[in-house]
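Engineer: The following block contains a protein sequence and its predicted model.
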Amino acid sequence: MNKGLVAIILAAGKGTRMKSALPKVLHPLCGSPMLGYPLEAARQAGFQQMKVVIGHGAEQVCEAFPAADIEWVEQTDQLGTGHALMCAANALRGYSGPLLLLCGDVPLLTADTVRQLYNYHTHEDAAVTVLTAQMPNPTGYGRVIRAGEQVLQIVEEKDADEQQRQVTEINTGTYLFDAAFVLGALKGLNKNNAQKEYYLTDVVAAAVAAGKKTRALCVEDPTEAMGINDRCQLAEAEVLMRWKINAGLMQGGVSMTDPTTVYIDNGVEIGMDTVLHPNVHLRGKTSIGRNCIVETGVVVVDSVIADGVHLKAGSVIEESRIGELCEIGPMAHLRPGNVLLGKNKIGNYVEAKKSIFGEGTKASHLTYIGDAEVGKNVNFGCGTITCNYDGVHKHKTIIEDDVFIGSDTQFVAPVKIGRNSLIAAGSTITKDVPADSLALARTPQKIVPGWRTRKQKKS
Ligand code: UD1
Ligand code: CA
């Protein structure tokens, strides 16, 4: 079964303190569910097989992570962290390498730290190596009791005496085990403790009793060890993670005028020399090219923005592709399914949905374009509307290259406008327009001379 190194991730706990219908490990941190972070740290550190112990909301958790390298293990009753690993014993049958164990609620742990722990563990050839942290306030964590390099035991807060509580080196809940040793030691665990649970931490004392080596590696940055138990801690972790994301992007050549108010999801990519103004939100699977300007209040979700694009204040862009050198906004709304091929201008109060815009096409003000296929260099006048919905079905508007559309035009779809035609302002277009023609569809103007004075005299 040795298809590579195995990592176990404990994620069966209820997360009672979150006060939520959503399983704790699915709460998002910078856009991704919490459990995704330890999984990714393990992968990046070279672990190839993930065994995730789940219980509360098991089905929901599985669905959120369809990755092929994960084997799900169920723990129906949550009898403690030691019991959680016992539940994974079958999934580990025949495995005899170093076994990494992470907690699903410790999302800030980095792959670098996991790698260091692995190197230290294998170098020392220990039975158990615990990742620890120095916490100024260790309350709530298990305390690490050492005799030099050897760890004698880990004592939970609730079981600790006064002297043990003074210890500030805490158990982060991250371990490397000799798989054969730990699976054997689990059989000796009992629930004789304050919480009446099977403590995984008791395998440390078991190793010492068996004359084995136990080691502890203290993580440099204790914030990596932060466990998320409630929403305040989740928010705290989000601030730290957000800073890490923003700092990484700034190191990579992105400018932020106020990085404390820029909200970027994990995994968003941004090119060099792009400038982000305050209060920008970049979410989901989004990438932004080089030399872009993203002004205040812009929200981009699951979209691809090419180089040299200017996103002006207050614009919202969802599931769309924006080509090079486009200008969007202020206050534009690109709903899902738009493709802008480049050099487009989508101005204030323009809404577009599921439409293609050829290069150089512009809609500068107050316009709705939905289900349209628009060619190159088309100019939409102010107040143009594609009437795409008849109450039952959606219909297409096709506008070929170089069409000029006067202000206040309605296209009653389905309708097709041939290339290089001109639509007169105020027209309601219900029939196809052939190429190179003028279409005018409005009531002719009537003049009644002297009408106003006559009317005023009468009343
Ligand atoms: C645990 C450690 C403690 C350490 C702390 C670090 C034990 C006994 N204590 O305490 O020394 O300082 O983590 O954050 O291990 N889980 C299961 N099944 C269970 C119980 C827990 O899968 O039956 C999972 C939880 O979902 C969670 C993780 O194990 O992801 C840790 O459990 P939690 O109850 O939060 O342990 P702590 O009390 O924080
Ligand atoms: Ca915890």
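Structural biologist: Thanks, I have it. Ligands and ions are numbered 1, 2, ... in the order given.
Engineer: Just the closest residue of the stretch 51-200 of the chain to ligand 1, please.
Structural biologist: The nearest approach of the stretch 51-200 of the chain to ligand 1 comes at residue 142, 2.2 Å away (C-beta to the nearest ligand atom). Every C-beta, even on glycine, is put in place using the N, C-alpha and C of the backbone.
Engineer: what's the spacing between that residue and residue 134?
Structural biologist: According to C-beta to C-beta, to the nearest Å, residue 142 and residue 134 sit 14 Å apart.
Engineer: Over to residue 252?
Structural biologist: In terms of C-beta to C-beta, residue 252 sits 31 Å off from residue 134.
Engineer: More neighbours: those two, which one.
Structural biologist: Between residue 252 and residue 134, counted using other C-beta atoms under 10 Å, residue 134 has the larger neighbour count: 15 against 11.
Engineer: Need phi/psi at the closest residue to residue 57 other than its chain neighbours.
Structural biologist: Distance criterion C-beta to C-beta, 6 or more residues apart in numbering; nearest residue to residue 57, sequence neighbours excluded, is residue 23 at 3.3 Å. Backbone geometry at residue 23, expressed as degrees, to the nearest 10, gives phi -50, psi 140.
Engineer: Residue 23: how many residues sit nearby?
Structural biologist: 26.
Engineer: so it touches residue 60, yeah?
Structural biologist: Yes: using C-beta atoms under 8 Å, residue 23 is in contact with residue 60, at 5.9 Å.
Engineer: Moving C-terminal from the longest helix along the chain, which element do we reach first?
Structural biologist: With secondary structure taken from DSSP state H, the chain has its longest helix at helix 231-251. Counting by DSSP states H and E, the element after helix 231-251 in chain order, helix or strand, is strand 255-256.
Engineer: avg pLDDT for that following strand?
Structural biologist: Here strand 255-256 scores 98 as its mean pLDDT.
Engineer: Please enumerate residues in contact with that strand?
Structural biologist: With C-beta atoms under 8 Å, 6 or more residues apart in numbering as the test, strand 255-256 has contacts from 246, 249, 250, 262, 273, 274, 275, 276.
Engineer: Include pLDDT and distance to residue 398 when you put those into TSV, please.
Structural biologist: Below are the contacts of strand 255-256 laid out as TSV (pLDDT from 0 to 100; distance: C-beta to C-beta, whole Å):
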residue	pLDDT	distance to residue 398
246	98	43
249	98	40
250	98	44
262	98	40
273	98	38
274	99	34
275	99	37
276	98	37
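Engineer: which one of the residues you listed is nearest residue 326?
Structural biologist: The closest of those to residue 326 turns out to be residue 274 (C-beta to C-beta; 13.9 Å).
Engineer: show me the contacts for whatever residue of the stretch 251-400 of the chain ends up closest to ligand 1.
Structural biologist: Residue nearest to ligand 1 within the stretch 251-400 of the chain (C-beta to the nearest ligand atom): residue 266, separated by 19.3 Å. By C-beta under 8 Å, 6+ apart, the residues touching residue 266 are 29, 30, 31, 32, 36, 37, 241, 245.
Engineer: tell me the two of the residues you listed that are most distant?
Structural biologist: Applying C-beta to C-beta across the contacts of residue 266, the maximum distance is between 36 and 245, 13.8 Å.
Engineer: Counting neighbours, what do you get for the closest residue to residue 122 other than its chain neighbours?
Structural biologist: In space, not counting the residues next to it along the chain, residue 122 is nearest to residue 98; the distance is 6.2 Å by C-beta to C-beta, 6+ apart. Look at residue 98: counted by other C-beta under 10 Å, it has 19 neighbours.
Engineer: How about residue 136?
Structural biologist: 6.
Engineer: I'd say it and residue 168 touch.
Structural biologist: Yes: judged on C-beta under 8 Å, residue 136 makes contact with residue 168 at a distance of 6.9 Å.
Engineer: List the buried residues of stretch 272-283.
Structural biologist: 274, 276, 277, 279, 280, 281, 282, 283 (16 or more other C-beta atoms under 10 Å).
Engineer: Name the nearest of the residues you listed relative to residue 17.
Structural biologist: Set against residue 17, the nearest of the buried residues of stretch 272-283 by C-beta to C-beta is residue 283 (26.7 Å).
Engineer: beta partners of that closest one?
Structural biologist: Applying DSSP bridges to residue 283 gives these bridge partners: residue 301.
Engineer: That one against residue 298, yeah?
Structural biologist: No: judged on C-beta under 8 Å, residue 283 makes no contact with residue 298 at a distance of 11.1 Å.
Engineer: Only alpha carbons, please: show stretch 216-224 as PDB.
Structural biologist: C-alpha atoms of stretch 216-224 as PDB (Å, rounded to 0.1, in the frame of the first residue of the first chain):
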ATOM      1  CA  ALA A 216       9.200  18.400  20.100                       C
ATOM      2  CA  LEU A 217       9.900  21.000  17.400                       C
ATOM      3  CA  CYS A 218       8.900  24.500  18.400                       C
ATOM      4  CA  VAL A 219       7.400  26.500  15.600                       C
ATOM      5  CA  GLU A 220       9.000  29.900  15.000                       C
ATOM      6  CA  ASP A 221       5.800  31.800  14.400                       C
ATOM      7  CA  PRO A 222       3.200  30.800  17.000                       C
ATOM      8  CA  THR A 223       0.300  32.300  15.000                       C
ATOM      9  CA  GLU A 224       0.700  29.300  12.600                       C
END
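Engineer: mind checking pLDDT for the closest residue to ligand 1 within the stretch 201-350 of the chain?
Structural biologist: Relative to ligand 1, the nearest point of the stretch 201-350 of the chain is residue 227 (3.3 Å; C-beta to the nearest ligand atom). If you check residue 227, the pLDDT there is 92.
Engineer: so it, which of the three states?
Structural biologist: At residue 227 the chain is in coil, as set by DSSP: H, G, I helix; E, B strand; the rest coil.
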